[in-house]
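[1] Below is the sequence, then the predicted model.
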Amino acid sequence: MSQTVRTAIVTGGSRGIGRAICKHFAAEGKNLVINYAGNLQAAEETAAECRELGAQVILVQADVSSAAGCEELFAKAQEAFKTVDILVNNAGITRDGLILRMSEDNFDEVINTNLKGAFLCMKLASRIMMKQRWGRIINMSSVAGVRGNPGQVNYSASKAGLIGITKSLAKELAGRSVTVNAVAPGMIETDMTGVLPDAVKDQLLQGIPMARAGKPEEIAAAVAFFASEEAGYITGQVLCVDGGMAV
Ligand code: NAP
């Protein structure tokens with residue numbers, strides 16, 4: 001019996017963890033909608049690597065912090081592939097600083113991209129997935145949203161907020177066989193952590209029982225599990241993929 005080819009939107013799919021998720025999905029034969037904010041070169045590299053793995057791919061530049069951007073993303077996905085089966089809310093930014101030095105703009109920017117952007121995409125995905133009575137939504141939280149982190153009140157608020165949305169929406173959509181789960185990575189080797197000073201990285205490493213940073217592929221594997229046909233009875237969960245950091 002032939003298996004349904006699922007279509008996945010990955011926000012922030014151009015680099016880092018998002019790129020690893022796209023490649024994992026591509027290797028599984030999924031159709032891919034790769035979203036990015038502005039780095040066309042990185043997005044094209046990811047798309048080329050996914051096509052080499054045999055996937056049908058479209059690239060959509062869209063700012064997820066704007067409703068118009070999210071609407072365009074979903075419209076283009078439906079135009080190319082008719083439906084959306086899987087949504088990975090992975091796009092994220094940091095604007096770190098201790099609270100006394102954190103501007104209101106830095107707070108709003110992080111909340112609008114990481115939390116509101118995911119909300120806007122989930123709203124559009126819910127309409128489609130409820131109607132087709134199948135869907136998988138995976139939100140990229142963080143160990144900072146589970147445990148907090150000094151210098152990241154904006155970021156940890158956005159990531160804790162994603163955990164709240166995950167649990168609430170899981171309950172709203174469960175009756176339609178749509179699951180909503182979150183992955184909470186620890187410290188992963190990407191551009192986001194590459195800019196951290198060595199002293200900060202060393203301090204973070206000391207808090208990781210496995211004594212190493214994680215790889216984007218290790219996050220992609222957890223996302224792919226939540227997105228799989230087999231994970232249909234798991235919803236509202238937060239899976240920490242962090243070498244034991246949050247234990
Ligand atoms: P990254 O390497 O900095 O990549 C960020 C991605 O998000 C890029 O694809 C970027 O697009 C996209 N993006 C940023 N703002 C966007 C917007 N407004 N609209 C659409 N796309 C946008 O980050 P990463 O380390 O892979 O992180 C991916 C996710 O995992 C984030 O949500 C992050 O918070 C979370 N996370 C990361 C770590 C870690 O240690 N790295 C730990 C815990 C959680 P462009 O390429 O076009 O700029």
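    Structure received. Numbers count the residues shown, from 1 in each chain.
[2] Which SSE is immediately downstream of the biggest helix by length in the chain?
    Of all the segments assigned as helix in the chain under DSSP state H, the longest by residue count is helix 153-173. Proceeding N to C from helix 153-173, the next assigned helix or strand is strand 178-185, under DSSP states H and E.
[3] Average pLDDT for that following strand, rounded please.
    Across strand 178-185, the average pLDDT comes to 99.
[4] residue contacts, residue 240?
    If a contact means Cβ atoms under 8 Å, 6 or more residues apart in numbering, then residue 240 has 143, 146, 184, 186, 246, 247 as its contacts. Just so you know, the C-beta spots here come from the backbone N, C-alpha and C atoms, and that holds for glycine as well.
[5] Count the residues that sit near the closest residue to the last one other than its chain neighbours.
    For residue 247, ignoring the flanking residues on the chain, the nearest one in space by Cβ to Cβ, 6 or more residues apart in numbering is residue 209 at 6.9 Å. Here the neighbour count serves as a burial measure; for residue 209 (other Cβ atoms under 10 Å) it reads 10.
[6] my read: residue 209 touches residue 244, true?
    Yes - because the distance of 3.4 Å satisfies Cβ atoms under 8 Å, residue 209 is recorded as touching residue 244.
[7] what sits against the most centrally placed residue in the chain?
    The residue lying closest to the centre of the chain (Cα atoms, centre = their mean) is residue 90, at 1.9 Å. Residues counted as contacts of residue 90 (Cβ under 8 Å, 6+ apart) are 10, 11, 12, 13, 17, 18, 21, 140.
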